[in-house]
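Asker: When you get a sec, could you give me coordinates for this:
(chains A and B)
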Amino acid sequence: MDIELMISSFPKLLSATVITLKLLSVSLIFGLFIGLIFAILRLNKNIFINKFAYGYSYLFRGTPLLVQIFIIYFGLGQIEYLRSTFLWVVLKEPYWCAIIAFALNTGAYTSEILRSAFQTIKPGIIEAGKSLGISNKIIFYKIQIPIAIRQSLPAYGNEIILMMKGTSLASTVTLMDLTGVAKYIISTTFKPIEVFIVAGGIYLFMAFIIHNLIKLLERKYSFSE
Amino acid sequence: MELLSFGKTGWGDELFIATLMTVAVAITAMLIGFFFALLFTPLKLSKNKFLNFIANSYTTIIRGVPELLVIYLFFFGGTGAVMFVASIFGYNEYIEINAFITGAFAIGIISGAYSTEVFRGAIQSIDKGQFEASKVLGLNKFGQFFRIIFPQTLRLAIPNLSNVWQITLKDTSLISVTGLVEIMRQSYIAAGSTRDPLLFYSFAAVLYLMLTFLSMKLINRLETKYSRGY
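Answerer: Residues are numbered from 1 along each chain as shown, chains lettered A, B, ... in the order given. Okay, here's the model as predicted:
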């Protein structure tokens, strides 16, 4: 066991963690937004809108995240038309390609989580709102959404941890995130176990923090049942 | 479309073989995962705190650390570990382990952590009366478990195991970093030599969708088979 290597690689890995956290937070924000939109579309009674939203989530949940990143990073650059638009500014950066892939991926999972949360809301609650003369819009924003958020917190916490693990794939498109730097150190020193312990420890610590934050939120938002 | 045809001019046959490779790795990994689940589920359910701790560390570490990092550990560390064990027995030549075995083992350990959680949950949700009844019937421990408890566990576990299978199937794409020629790796090679990444990666996505769709159909049939009595 090479303790010296573990100590010397720790600051490098820690500074790479910043990139991992950036990737995670930005894609989660976009993903939550996408997820909410598609969850609402899934609840729409129009069969085409409904099927479209289902197709989106099926497509992104049925294929590996790695394929999605590769299609966006290597594939989209091939389309001549895209190169001439302003989108190219974003798509030539591996950082943004990774974020787009992560956001679309987590958006698909989030939409499923939110959809099932909306569907488990008891009809009585909505009826109660209606009989009090509250408009549909306010029922949706002030009653349905807060309840759905509370319902979906545990599942969404799992999704955040899955996404944190997913950001490691950014290293396959040349980004030096925590896994990217860990791989670099492993391939130069040939000490996989030491590096795995340090990098894995950082990931576990992040998972631990996320897990506890979600628990805190759950307690804050739970009603007296 | 010509690029996807079979024969010398197209990549169809290569991609077909790569798909079989993906399925083979996924099934092997799933079976290795079951083996780990068989080992760790009893530890999780055990009353001994120390055994509990071992099983909990396994599932927590695997579920909290990225799959890619685990694969790198096995890819770079596997050869070293095997050579170390061999050197104890006095064999000092260089040993190279097959990418298939390393890959299936790495994915298997990951899938095992998820399977362990599934089996633990399923066994815990079986009615206590069933355990007592199997004792009263005079079956030995082996018979109690395999003839009474296990078939019921299976029924409860299949829906969640199908999720584990989907995760395992998708995780196999990560082994492409070790050079094993499965769907992802073959698409990478084809995309590189034809300069048509959009076509090949999209086709890879279609292949994965087909695999997940077909396995869902199969699993649904299993599910109806095991819930006959309900």
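Asker: C-alpha from now on. contacts and neighbour counts both.
Answerer: OK.
Asker: Look up how far A:Ile193 lies from the residue in chain A positioned nearest to chain B.
Answerer: Closest to chain B within chain A is A:Gly75: 3.8 Å, counting by CA to the nearest CA. Distance, A:Gly75 to A:Ile193, by CA to CA, to the nearest Å: 35 Å.
Asker: Now A:Ile149: which helix or strand?
Answerer: Assigned by DSSP states H and E, A:Ile149 falls within helix A:145-166.
Asker: pLDDT on that helix, on average?
Answerer: Averaged across helix A:145-166, pLDDT comes to 91.
Asker: What of stretch B:130-139?
Answerer: 86.
Asker: buried ones in it?
Answerer: Residues of stretch B:130-139 classed as buried: B:Ser134 (neighbour count, 16 or more other CA atoms under 10 Å in any protein chain shown).
Asker: what do you get for stretch B:112-128?
Answerer: Applying a neighbour-count criterion of 16+ other CA under 10 Å, one finds B:Gly112, B:Ala113, B:Tyr114, B:Ser115, B:Thr116, B:Glu117, B:Val118, B:Phe119, B:Arg120, B:Gly121, B:Ala122, B:Ile123 buried in stretch B:112-128.
Asker: Find the nearest non-adjacent residue to the first one, please.
Answerer: Leaving aside its chain neighbours, B:Gly112 sits nearest to B:Gly33 (3.5 Å; criterion: CA to CA, 6 or more residues apart in numbering or on different chains).
Asker: by contact count, what packs against the lowest-mean-pLDDT helix or strand in chain A?
Answerer: None of the helices or strands of chain A scores lower by mean pLDDT, DSSP states H and E than helix A:80-84, at a mean of 78. With contacts defined as 3 or more CA pairs under 8 Å, 6 or more residues apart in numbering or on different chains; DSSP states H and E, helix A:80-84 has no helix or strand neighbours.
Asker: ok, and what's touching the helix or strand that contains B:Phe150?
Answerer: For B:Phe150, the host element (DSSP H and E) is helix B:150-171. Helix B:150-171 is touched from outside by A:62-64, B:22-23, B:26, B:29-30, B:67, B:107-108, B:111, B:114-115, B:118-119, B:122-123, B:126, B:208, B:212, B:216, B:219, B:222-223, B:226-227, with contacts defined as CA atoms under 8 Å, 6 or more residues apart in numbering or on different chains.
Asker: Over to stretch A:216-225?
Answerer: Stretch A:216-225 has contacts (CA under 8 Å, 6+ apart) with A:Arg150, A:Leu153, A:Pro154.
Asker: Tell me which helix or strand comes right after the longest helix seen in chain B.
Answerer: Scanning chain B for the longest helix, with DSSP state H as the assignment, gives helix B:12-45. Where DSSP H and E defines the elements, the next helix or strand beyond helix B:12-45 is helix B:49-64.
Asker: got the buried residues for the following helix or strand past that next one?
Answerer: Per DSSP H and E, the first helix or strand lying C-terminal to helix B:49-64 is helix B:67-88. Residues of helix B:67-88 classed as buried: B:67-80, B:83 (neighbour count, 16+ other CA under 10 Å).
Asker: what does stretch A:6-14 give?
Answerer: Buried residues in stretch A:6-14 (16+ other CA under 10 Å): A:Met6, A:Ser9, A:Phe10, A:Leu13, A:Leu14.
Asker: so does it get close to chain B?
Answerer: No. Stretch A:6-14 stays clear of chain B (CA under 8 Å from any CA of the partner chain), getting no nearer than 13.0 Å.
Asker: need the contact list for A:Ile126.
Answerer: A:Ile126 makes contact with A:Ile139, A:Ile143, A:Gln144, according to CA under 8 Å, 6+ apart.
Asker: The buried residues of stretch A:6-14: which two are farthest apart?
Answerer: Farthest apart among the buried residues of stretch A:6-14 by CA to CA are A:Met6 and A:Leu14. That separation is 11.9 Å.
Asker: Next, count neighbours for A:Gln119.
Answerer: A:Gln119: 12 surrounding residues under other CA atoms under 10 Å in any protein chain shown.
Asker: Look at it and report its pLDDT.
Answerer: A:Gln119 carries a pLDDT value of 88.
Asker: lowest confidence element among the helices and strands of chain B?
Answerer: helix B:141-143 (a mean of 82).
Asker: do you know how far the nearest residue to A:Ala117 once chain neighbours are set aside is from A:Ala155?
Answerer: Residue nearest to A:Ala117 in three dimensions, not counting chain neighbours: A:Ala148, with 5.0 Å by CA to CA, 6+ apart. A:Ala148 sits 11 Å away from A:Ala155, taking CA to CA as the criterion.
Asker: Pull up the overlap in contacts between these two.
Answerer: Shared contacts of A:Ala148 and A:Ala155, defined by CA under 8 Å, 6+ apart, are absent.
Asker: quick one: which of the two has more around it?
Answerer: A:Ala148 (19 against 15).
Asker: what's near enough to touch the most centrally placed residue in chain A?
Answerer: With distances taken as CA atoms, centre = their mean, A:Thr106 lies nearest the centre of chain A, 3.8 Å away. Contact analysis of A:Thr106 by CA under 8 Å, 6+ apart lists A:Ser27, A:Leu28, A:Gly31, A:Leu32, A:Gly35, A:Glu159, A:Met163.
Asker: Tally up the residues packed near B:Glu223, please.
Answerer: Counted with other CA under 10 Å, B:Glu223 comes out at 18.
Asker: Please report how far it lies from chain A.
Answerer: 20 Å (CA to the nearest CA, to the nearest Å).
Asker: what's near enough to touch that residue?
Answerer: B:Glu223 is in contact with B:Arg155, B:Ile158, B:Pro159, counting by CA under 8 Å, 6+ apart.
Asker: Also B:Leu51?
Answerer: Applying CA under 8 Å, 6+ apart, we find B:Leu51 in contact with B:Leu43, B:Lys44.
Asker: surely B:Tyr114 meets B:Thr59?
Answerer: Yes. Using CA atoms under 8 Å, B:Tyr114 is in contact with B:Thr59, at 7.3 Å.
Asker: what's the nearest residue to the residue nearest the centre of chain B if we skip its chain neighbours?
Answerer: Residue closest to the mean C-alpha point of chain B, counted by CA atoms, centre = their mean, is B:Met30 at 2.9 Å. Nearest non-adjacent residue to B:Met30, counting by CA to CA, 6+ apart: B:Gly108, 5.8 Å away.
Asker: again, but for B:Ser187
Answerer: With sequence-adjacent residues excluded and distances taken as CA to CA, 6+ apart, B:Ser187 is closest to B:Phe200, at 5.4 Å.
Asker: so the one you found, which of the three states?
Answerer: At B:Phe200 the chain is in helix, as set by DSSP: H, G, I helix; E, B strand; the rest coil.
Asker: Flag every buried residue along the longest helix of chain B.
Answerer: Within helix B:12-45, the residues scored as buried using 16+ other CA under 10 Å are B:12, B:14-16, B:18-19, B:21-37, B:40-44.
Asker: average model confidence for that helix?
Answerer: So the average pLDDT for helix B:12-45 ends up being 94.
Asker: for stretch B:108-123, same thing?
Answerer: 94.
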